[in-house]
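>>> The following comprises the amino acid sequence and a computationally predicted model.
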Amino acid sequence: MRAIRNGQVLADSDRTIEVDGYVYFPRESVRMERFAAAPKTVGDRMCPHGVQFYDLVDGSGRVERQAWSYEKPGARMQPIERWLGFWDEVEVTA
């Protein structure tokens, strides 16, 4: 699977997991140098899974909250701890 935005491959892995309609990529398959941790909102802090959103950083600037990961997931989300999911602006393809 690949995660692509504006022709740029952001993640590439044959080891993804789908949860609740979102495809998650292991962190080592994501081009993390293209992302920066987004400041946490009050809502983020209330998430029971310790969500961390990431802004995409590219030549044209910063695109807010294009990815997220669960840093302290509950039991149901344990399989994707620290893996990244992407919003609709990022195309996930096989």
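That came through fine. Numbering: from 1, shown residues only.
>>> Which stretches in this protein count as strands?
For the chain, the strands identified by DSSP state E occupy 2-5, 8-12, 17-19, 22-24, 35-37, 51-58, 61-70, 85-86, 91-93, in order along the chain.
>>> Quick one, grab the pLDDT at residue 60.
Note on residue 60: pLDDT of 78.
>>> Just give me the neighbour total for it.
7 (other CB atoms under 10 Å). Where C-beta positions appear, they are placed from N, C-alpha and C, glycine not excepted.
>>> Please tabulate the strands of the chain in CSV and include distance to residue 76 and mean neighbour count as additional columns.
Below are those laid out as CSV (distance: least, CB to CB, whole Å; neighbours: other CB atoms under 10 Å):
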stretch, distance to residue 76, mean neighbour count
strand 2-5, 23, 19
strand 8-12, 23, 18
strand 17-19, 8, 13
strand 22-24, 13, 21
strand 35-37, 24, 14
strand 51-58, 14, 18
strand 61-70, 10, 18
strand 85-86, 15, 24
strand 91-93, 21, 13
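>>> now those strands in a markdown table, with distance to residue 44?
As requested, these are exported to a markdown table (distance: least, CB to CB, whole Å):
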| stretch | distance to residue 44 |
| --- | --- |
| strand 2-5 | 21 |
| strand 8-12 | 21 |
| strand 17-19 | 18 |
| strand 22-24 | 17 |
| strand 35-37 | 11 |
| strand 51-58 | 5 |
| strand 61-70 | 9 |
| strand 85-86 | 14 |
| strand 91-93 | 22 |
